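predicted model, plus sequence, below.
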Amino acid sequence: MTWDQTLPLWTRLHAASPQALDDLGRRHGIDLLPTTAPRQWGAGAAMRIRCARVQDGRVLVADLLWHQAADAQALYTVETGYRMLRPGQALERFKAQGLPAGSAHAVALVLLHQLLGQTGLVLDGIDKGLATSMRSLRSFQLTVGTPGTRGAQDLTDVDSHLSMLHRPLSVVVQALDDLAQAAMQLRRGAWQGSQLQSIHVDALLAEIEGVQRRARCMLDRQRFHRRAAEETVAMSDLNVTKVFSVLWAAFIPGTALINWYGQNFRVMPELSWQGSLWMQLLAVLVLTAIPVWMVKHSGTLR
């Protein structure tokens, strides 16, 4: 399927299946099957670019097949899923930058800029999600040890949200790597002879590298926040364990004393002694205080 386009030297195609892709390749006389070997990503070789963009609060992900040849030959793009390219927006940028109209490389530059901008918008949404999760986690940590302490179950949504952010982040990192490869292919084409000045491609590569650094930093943040959430849950569970440790230390002496006098021995002379009750109570208190003191000084309650 061929879609109408307004940019010169650009053929925008769509293929919903491998058979449709093969038919398009035969119709246009080019090989649209992408190669996975970086060394073969030269002029006239198709490559796959992972694309992501935001639409109605959702992140749409699809693969774009990219076939770039010489500057005077048409650029072919094949969208295999959602429509990722916006010709009207690309045409406005093309005219605003005053790029040469008869250059396929200039068209490729504009489209790569567009894909990079869409990927940046996805990163903005992920950044907002990380900030929201961090505020929830920080609020939970500030209430620990106070009357308003919440349970570990309150962090379930935060942990699941952080887990869900990992997939779009991985997609963005992959998309940026693919865009960088396409931009390097474009730069090699510009060096071999093109109406497009290489300074424009260098600026594009610099922008991609900046967004890549941001994406990797955000991926580290996501991992750090998730570890913090897991450690907070572990600390909450540890506090519960501390409570049971103190309860065990407090009740085990009395339980032992009850078990002893529950044996119903025939000879138990201490029961008739003067002050026997108070002596037994005092012994229970001492035996209770000793393990509690040991637990406290061992640092378990810190």
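It's in. Numbers count the residues shown, from 1 in each chain.

residue ranges in the stretch 101-250 of the chain under the pLDDT threshold?
Residue ranges of the stretch 101-250 of the chain with pLDDT under 70: 140-163, 229-247, 249-250.

center of this structure - which residue?
Among the residues of the chain, the one closest to the centroid is His166, at 2.4 Å (CA atoms, centre = their mean).

what's the burial count for Gln55?
10 (other CB atoms under 10 Å). From N, CA and C alone the C-beta is placed, and that goes for glycine too.

and the pLDDT for the residue nearest to it when sequence neighbours are not counted?
Excluding its sequence neighbours, the residue lying closest to Gln55 (CB to CB, 6 or more residues apart in numbering) is Tyr82, at 7.9 Å. Note on Tyr82: pLDDT of 87.

what's the first helix or strand after the helix or strand hosting Leu219?
For Leu219, the host element (DSSP states H and E) is helix 198-261. Using DSSP H and E, the next helix or strand after helix 198-261 towards the C-terminus is helix 276-297.

other SSEs contacting that following helix?
Packing contacts for helix 276-297, counted by 3 or more CB pairs under 8 Å, 6 or more residues apart in numbering; DSSP states H and E, involve helix 198-261.

how close does the residue nearest to Gln55 sit to Ala108?
20 Å (CB to CB, to the nearest Å).

show me which of the two is the more surrounded one.
Ala108 (27 against 14).

which SS state does that one fall under?
Under DSSP: H, G, I helix; E, B strand; the rest coil, Ala108 falls in the helix class.

make sure it is actually in contact with Leu186.
Yes: if you go by CB atoms under 8 Å, Ala108 and Leu186 touch, sitting 5.4 Å apart.

any residues in contact with both of the two?
Shared contacts of Ala108 and Leu186 (CB atoms under 8 Å, 6 or more residues apart in numbering): Gln68.

the residue nearest to the centre of the chain contacts Gln222, correct?
Yes: counting by CB under 8 Å, His166 does reach Gln222; the two are 6.2 Å apart.

how much space separates Ala283 from Gly275?
In this view, Ala283 and Gly275 are 12 Å apart by CB to CB.

against Ser103, how distant is the residue nearest to the centre of the chain?
40 Å.

for Arg135, same thing?
Applying CB to CB to Arg135 and Ser103 gives a distance of 48 Å.

with neighbour numbers in mind, choose between those two.
Taking other CB under 10 Å, Arg135 and Ser103 do not tie; Ser103 has more neighbours (20 against 11).

how about the more buried one, phi and psi?
Note on Ser103: backbone dihedrals following degrees, to the nearest 10 are phi -120, psi 120.

ok, the closest residue in space to it that isn't next to it in sequence - contacts?
Leaving aside its chain neighbours, Ser103 sits nearest to Gln195 (4.0 Å; criterion: CB to CB, 6+ apart). Listed by CB under 8 Å, 6+ apart, the contact partners of Gln195 are 71, 100, 102-103, 105-106.

now do the phi/psi pair for Gln195.
The phi/psi pair for Gln195 (degrees, to the nearest 10) reads phi -70, psi -20.

follow-up on the earlier one: looking at this, the residue nearest to Gln55 is in a strand?
No: going by three-state DSSP, the assignment for Tyr82 is coil, not a strand.

and the gap between it and Asp63?
10 Å.

for Val201, which residues are in contact?
109, 183, 186-187, 190.

scratch that, Gly120 is what I was asking about
Val211.

in a markdown table: the contacts of Val201, plus secondary structure and distance to Gly29.
Shown next, in a markdown table, are the contacts of Val201 (DSSP: H, G, I helix; E, B strand; the rest coil; distance: CB to CB, whole Å):
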| residue | secondary structure | distance to Gly29 |
| --- | --- | --- |
| Leu109 | helix | 25 |
| Ala183 | helix | 26 |
| Leu186 | helix | 22 |
| Arg187 | helix | 26 |
| Ala190 | helix | 25 |
